[in-house]
Structure formats: structure tokens, C-alpha cells
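[1] Sequence plus the predicted model coming up.
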Amino acid sequence: MERKRSSSLEEGTHRDDELTSSQPTWRSVQVASREPSLPGVGVPTTRTSLNIDIIDKSSFFEKATVKDYAAPPLEEPLQDSCAWVPTKLRSVPAFYPLEKSSRFIDDELPDVTERLSECFRTLSAQAIYNNDTATAYLVTAENVEMHLSLWKASAGPDQSGIVVELQRRKGDSIAFHRYSRYILDAAVGEFDMNDHIARHGADFDFVYSKKVQRLLSLEMGKANEHENAIIAVEIAHGLLMKDRMDARQLGLESLCLLTDPKKTGISTAMIASHVVLLGTAQGVATSTDEGLTFDEAPFQEIRDTILSLVQFSRIGEEDFEEVGSADDDFDGRQLGEGQQMSLLHNLALAVLANALDVLENQDTYDENPEETKKPASTQTKSVSDIAETFISDSTEISKSEILGSLIKELGKANTSPHNACLSARCLGSICGASEKAKRRAKELGAKNVVSSALEVGVRTHLRLQTESKKLETVLNSLDLED
């Protein structure tokens, strides 16, 4: 019995060894299949043949790597607007649902890509192209990430064209729909670049309205507005000091709103701007009530945090290694915490640019003092004194010169045009307010950097072009004075 049992086991083992694992194959059965149809462009044709074939997935996906859907490395140069020359178009894959933000265009491919490239430049959207897959990766100034694809499609037996599809990957959905409307209209040829520039200029945001300031002034008294501004700044400080990245991002976004007079009013923007630049609200936050008291320590922490993010791309000492170490490579960080810190760096530059712009153009936002209550003004310090105090305090706090950091950021216009645009705004406001800052920027080689950034702006980024021209004009005024 034992011999029979062992022999049977050996036979079973031998049979198992002879079995070979089957390799899965991708097959499809196509009966009366339909061509990819688009709503409102004709009746699709049908095929009556029956065929069985292996799906060639590589034709659709071998070149559409993960780089198409993620932010490209920062060290890669930004291609010119005329560099988008797709070699071929891919057909819309089977069972691929097109986004609602798509258009069918019966036009030549070079004309479509030229119109889209010029639209990206007008909207100041950073574009990185992939000619092999006919796609473009877009990043707007509001940190909205989009992916644009060009597909080959047919709307009938004798009609073929191009499908332009735009997908939102990250960012505000409302801002995405505003951009998508302009981009899809440009693809069709219905977007008037000159009219858009005439109405909005280089700024995609809405034009500042004096009616908003009047309503804010009528709805609340100045004392209440100042008190609410202090409370809002303290809330932003609480978010900024948390350990979570999402809370820090929310705190910086709050400061972006508080330092923008187009969204909060000039009085609130003046208070928040002084907090960001000087670390104090003394002289601007006033009240008829004796109960308006506040602690200056949170305001100083806000200023220190903004400076740390602008100059070193970090918050405090706990995030990364010491500045200048071999392990500290901010430009190379792309995923996880590094990518989030890049976003915080951009938001900090936006906060600083808004704050400097408010102090430089505070009279511009209050042209009708008889109709609108005039915001608190800087009675103790002039704009020039505030700019020079900010420069000296930042050097003492961070042990690094703020002008040098901003010029270095402007020099990265080819890879980070949005950050370079914000740096040009900051430099233009500081140099326009202080002659010492203007001379120091010239010593640091700002003119050559501005010229290079201006070339990038002319080719790919309208906002960068506008801000670089302003900064160049301010620097050239020093030569005329000398």
C-alpha cells in the first residue's frame, strides 16, 4: 500500500510539472463598431465586418508616459511658443470618454497649434510641450495644472479633424473653467488676443472696481474693519504655524487675499502689508475704541516665515538641511513634500509682491477721498523708509540679502516664469521706492538678468514681459539721473 501511494504521488508530481502556465492575451471582438463620434458634427459611420485581433495598446500608451501628467523637472528649459510641432496625432482610443471641455476643429494642425501657443502666452500660462504625443502641460499663475491633448477624429465618412481636449489635474475648478473657455475659443479661432489685452491687460484677474471699496466702506466702520483685519491676520498666523502642509498653504492663501486690495479693500490690505514687511501693525491699525489691543509677536513670526520661504524655500529649521549643504537641492525636488514646498515658495512670493505693491500704489487705490473713506496712511514712515527698513531687517533676520535672492529667482525665468514674474514685481516696487535699493540691484547685475527675463516673457509669458519692462524702466532711470 505504501509503494502504491508513493508511486501515485510521484505520478501526480510529474503531471504538475508538465503543466505550463497560460499567458494572458488582450483580444477584442468588433461587430458593427462605430467611429469616435462627436455631438453635433455628423452621423458616425459603421463597420459591418467581423474581425478578431490583438489590441495594440502600445500605439496609444507607450509614449504617453507619466511625464505627460506630472510636473516636468524644473531643470528642463521651457520651450518656445513656436516649438510645438507635433509629428502626428493619435486617434481617440476605444472606450475613452472625452472631457466636456473639448472641441472638434476642422482645421490644419499647424494653425491650431500656433493659435494655442499664442493664447498660452497671452494668458501667461507656462506651457511645456510634447511633440511626440501632441500634448501640452500647462501651469497657470493661480497654480492650476492642466493637460491639453490633440486627437485625430472623424465626424463622417469624408470629414476628419482635430479634437482639442483640456483636463484639469490640480487647482481651482472655477479658475480652470475661465482658462478653458479662452483656450478652447483660441483653438477654434474665436479668441481675440488684442481685445483681451485691451480689457484685462497682462492681469487675468478682474479689473479693480471702486464700487467694491465704496460698499466695504459703507457696510463697516473703519474701527470695525481694522479689528476684523487684525483678527484675520491672526487666523492666518495660526494656520501658518501648524505642522501640516495643507494648513500652511491655507494660511499663505489667506495672506494673499488679505494683501490684495482688489479683494479685501485698501484698509485691510494696508494692515496686512505692514505685518508682512515690518512685522507690526502700529501706525496703521487704529480704533476709536480702547478695546483694540493686539500682540505683535505673531506678526513678527509671519514676517520671518515669509522671508524664510522667499529666500530659502523652507519654514524654520525643521524642514530641510542647512542652506548651502549638498543635500539641499530645492530646484530638484518635485514629489511629495518638495513639490508642496515649491507651492508654498510661490505663494510667499505672491504675498510679498502684493504687500510691496500696496505700499507703492496706496494712493492709486483711493482716488476719490470724498466718496470713499481714506485708509490709514503711514504717517511715521514714508514709502522709501519702509522699503529700506524692510531690506535691512530682512538681512539681519535671515543673514542673506533679499535683493540678491529676488534677482536669483528672476534669473530662473526660463524654468519658473511665474516665480520670476513675482520677483520682478517685488524688485520693481523696492527699487521704485528706494534709490539705495536701485543702486544695490544694479551692483548685483540686475540689468542683465532683467534683459534675459524680458526675452523669455516676449516669447512665452505676457505678465513676465510686462513686469520685466517696468523693472527695466526703473533701473534705466538711475543711469539718466547719474
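    Noted; the coordinates are in hand.

[2] surely Thr401 meets Thr395?
    Check again: residue 401 is Glu, not Thr. Yes - applying CB atoms under 8 Å, one finds Glu401 in contact with Thr395, separated by 5.5 Å. Placement of C-beta: from N, CA and C, glycine included.

[3] now the helices for the stretch 251-400 of the chain?
    261-264, 266-278, 297-312, 337-360, 383-398 (DSSP state H, counting those that start in this stretch).

[4] End to end on stretch 449-468, go ahead and measure it.
    Taking CA to CA, to the nearest Å, the first and last residues of stretch 449-468 lie 10 Å apart.

[5] nearest spatial neighbour of Thr87, skipping sequence neighbours?
    Counting by CB to CB, 6 or more residues apart in numbering, the nearest residue to Thr87 once its immediate chain neighbours are dropped is Asn131, at 5.8 Å.

[6] With Ser273 instead?
    Per CB to CB, 6+ apart, closest to Ser273 is Ala355, 3.8 Å.

[7] The one you found and Asn224, how far apart?
    Using CB to CB, to the nearest Å, one obtains 23 Å as the distance from Ala355 to Asn224.

[8] quick one: which of those two has more around it?
    Ala355 (29 against 13; other CB atoms under 10 Å).

[9] Under the pLDDT cut-off, which ranges of the stretch 351-482 of the chain? List them.
    Across the stretch 351-482 of the chain, the ranges flagged by pLDDT under 70 are 363-380, 479-482.

[10] again, 50 this time
    Confidence mapping of the stretch 351-482 of the chain against pLDDT under 50 gives the ranges 367-380.

[11] Break down it into its strands, ranges please.
    Counting by DSSP state E, counting those that start in this stretch, the stretch 351-482 of the chain forms no strands at all.

[12] Also the stretch 51-200 of the chain?
    According to DSSP E, counting those that start in this stretch, the stretch 51-200 of the chain carries its strands in the segments 90-91, 102-105, 126-130, 135-139, 145-156, 159-170.

[13] Which strands and helices lie in contact with the second one?
    Using 3 or more CB pairs under 8 Å, 6 or more residues apart in numbering; DSSP states H and E as the contact criterion, the neighbours of strand 102-105 among helices and strands are strand 159-170, helix 173-188.

[14] can you pull the contacts of the residue nearest to Ser273?
    Each residue near Ala355 by CB atoms under 8 Å, 6 or more residues apart in numbering is listed here: Thr259, Ala272, Ser273, Val276, Leu277.

[15] Serialize the residues you listed to CSV and add fields for neighbour count and distance to Met245.
    Formatted as CSV, the contacts of Ala355 follow (neighbours: other CB atoms under 10 Å; distance: CB to CB, whole Å):
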residue, neighbour count, distance to Met245
Thr259, 29, 21
Ala272, 32, 22
Ser273, 29, 25
Val276, 27, 20
Leu277, 23, 25
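
[16] From Ser452, how far off is the residue nearest to Pro86 when sequence neighbours are not counted?
    Leaving aside its sequence neighbours, Pro86 sits nearest to Ala134 (CB to CB, 6+ apart; 3.7 Å). For Ala134, the distance to Ser452 equals 30 Å [CB to CB].

[17] what about these two, which has more around it?
    Legend: neighbour count by other CB under 10 Å for Ala134 and Ser452, higher for Ala134 (24 against 15).

[18] Give me the phi and psi for the more buried one.
    phi 60, psi 50 (degrees, to the nearest 10).

[19] Let me see the confidence value for it.
    Note for Ala134: predicted pLDDT of 94.

[20] Could you do the one 10 residues further on as well?
    In the predicted model, Val144 carries a pLDDT score of 95.

[21] Got the phi and psi for it?
    Phi and psi for Val144, reported as degrees, to the nearest 10, are phi -90, psi 120.

[22] burial measure for the closest residue to it other than its chain neighbours, as a count.
    Nearest residue to Val144, sequence neighbours excluded (CB to CB, 6+ apart): Gly171, at 3.1 Å. The tally of other residues near Gly171 (other CB under 10 Å) stands at 16.

[23] Next, give phi and psi for Gly171.
    phi 100, psi -180.

[24] For Glu165, see how far away it is.
    From Gly171 across to Glu165, the span is 17 Å (CB to CB).

[25] Then Leu347?
    As judged by CB to CB, Leu347 and Glu165 stand 29 Å apart.

[26] Neighbour count for these two, which is higher?
    Neighbours per residue, other CB under 10 Å: of Leu347 and Glu165, the larger number sits with Leu347, 23 against 19.

[27] shouldn't that one be in contact with Ser254?
    No - using CB under 8 Å, Leu347 is not in contact with Ser254; the gap is 10.0 Å.

[28] Make CSV from the strands of the stretch 51-200 of the chain and add distance to Ile266 to it.
    Output for the strands of the stretch 51-200 of the chain, formatted as CSV (distance: least, CB to CB, whole Å):
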stretch, distance to Ile266
strand 90-91, 52
strand 102-105, 41
strand 126-130, 31
strand 135-139, 31
strand 145-156, 32
strand 159-170, 32
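
[29] among the ones you listed, which gets the worst mean confidence?
    With a mean of 88, strand 145-156 has the lowest mean pLDDT of the strands of the stretch 51-200 of the chain.

[30] strand partners of that one, parallel vs antiparallel please.
    Based on DSSP bridges, the pairing partners of strand 145-156 within the sheet are strand 90-91 (parallel), strand 135-139 (antiparallel), strand 159-170 (antiparallel).

[31] for these, which one ends up most surrounded?
    Greatest average neighbour count among the strands paired with strand 145-156 goes to strand 135-139 (a mean of 23), per mean count of other CB atoms under 10 Å.

[32] and Glu225, how many residues sit next to it?
    Using other CB under 10 Å, Glu225 has 23 other residues around it.

[33] isn't it right up against Met270?
    No - taking contacts as CB under 8 Å, Glu225 lies outside contact range of Met270: 10.5 Å.

[34] tell me the pLDDT at Met1?
    50.

[35] One more: the one 4 residues further on?
    Predicted confidence (pLDDT) for Arg5: 51.

[36] any idea how far Met241 lies from Glu301?
    The gap separating Met241 from Glu301 is 7 Å, by CB to CB.

[37] I misspoke; the intended subject was Leu422.
    Look at Leu422 and Glu301: by CB to CB, they are 22 Å apart.

[38] okay, these two: which has more neighbours?
    Neighbour totals were compared for Leu422 and Glu301, and Leu422 leads with 29 against 15 (other CB under 10 Å).

[39] tally of neighbours for the residue lying closest to the more buried one once chain neighbours are set aside?
    Once flanking residues are discounted, Leu422 sits nearest to Leu349: 4.0 Å by CB to CB, 6+ apart. Neighbour count of Leu349, defined by other CB under 10 Å: 24.

[40] Ok, Ser392 next?
    Look at Ser392: counted by other CB under 10 Å, it has 12 neighbours.

[41] And Leu250, by the same measure?
    Neighbours of Leu250 under the rule other CB under 10 Å: 17.

[42] for the host helix or strand of it, packing partners?
    Using DSSP states H and E, Leu250 maps to helix 245-258. The contact analysis (3+ CB pairs under 8 Å, 6+ apart) places helix 245-258 against helix 222-240, helix 261-264, helix 266-278, helix 297-312, helix 337-360.

[43] Now do the third one and helix 222-240, the angle between them.
    What it means is helix 266-278. Counting by axes from the mean of the first three to the mean of the last three CA atoms, to 10 degrees, helix 266-278 lies at 40 degrees to helix 222-240.

[44] Quick one: mean pLDDT for helix 266-278?
    Averaged across helix 266-278, the pLDDT comes to 92.
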